[in-house]
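# Dropping a prediction and its sequence here:
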Amino acid sequence: MTWKEVLLYTVFILVVIVISLLGVMRTESSGNRLDMTDQEISHVMTDLKKRSAADCILTRTETGFQCKEMGTGKVFKVKGK
C-alpha cells in the first residue's frame, strides 16, 4: 500500500466514525421523550412513590401513564388527571 492509499483509508474510516457518532448523538438527544407538563410529572411521581416503584420505563396511554419496572417487569398504571 502506498502512503496515499493509507491516508485515503484513514480519512474514510474517520469520516464513517464521525457520521456514526453524530447519528447516535442525535438519536440520544431527540429520543422518545414524553411531552409532560409539570403538573403531570408531579402527579405521576407522587403516585409511583406511594407504590414504591423502582426505576421504570414510562409510556403514555389513553387513560394516563404506564410504568414498567426494569428489574422486575411489574407494571404500574397511573390515571391521568
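Looks like it came in fine. All of these numbers come straight from a predicted model, not from anything done at the bench.
# Could you pull out the buried residues of the helix ranked longest in the chain?
Longest helix in the chain by number of residues (criterion: DSSP state H): helix 3-29. Buried residues in helix 3-29, counted by 16 or more other C-beta atoms under 10 Å: none are found. Bear in mind the C-beta positions are built from the backbone N, C-alpha and C, glycine included.
# In terms of secondary structure, what does the helix or strand just after it contact?
Note on helix 3-29: by DSSP states H and E, the next helix or strand toward the C-terminus is helix 38-50. Applying 3 or more C-beta pairs under 8 Å, 6 or more residues apart in numbering; DSSP states H and E, one finds that helix 38-50 makes contact with strand 64-69, strand 75-79.
# For Leu8, find the nearest of these.
Across the helices and strands packed on helix 38-50, Leu8 has its closest neighbour in strand 64-69 (48.5 Å, C-beta to C-beta).
# Stretch 39-51 - what's its average pLDDT?
Averaging pLDDT along stretch 39-51 gives 92.
# Buried residues, that stretch. List them.
Using 16+ other C-beta under 10 Å as the test for burial, stretch 39-51 gives 40, 43-44, 47-48.
# Show me the chain divided up by domain.
1-31, 36-81 (automatic domain parsing).
# Most tightly packed of the helices and strands packed on helix 38-50?
Across these, averaging neighbours per residue (mean count of other C-beta atoms under 10 Å) puts strand 64-69 on top, at a mean of 16.
# ok, it: who's next to it in the sheet?
Strand pairing for strand 64-69, determined by DSSP bridges: strand 56-60 (antiparallel), strand 75-79 (antiparallel).
# Dump these to TSV, plus distance to Val18 and mean pLDDT.
Formatted as TSV, the strands paired with strand 64-69 follow (distance: least, C-beta to C-beta, whole Å; pLDDT from 0 to 100):
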stretch	distance to Val18	mean pLDDT
strand 56-60	31	90
strand 75-79	40	93
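# between these, which gets nearest to Ser20?
strand 56-60 (25.6 Å).
# outside of the closest one, which residues touch it?
34, 44, 48, 65-70, 76 (C-beta atoms under 8 Å, 6 or more residues apart in numbering).
# Nothing else from me, thank you.
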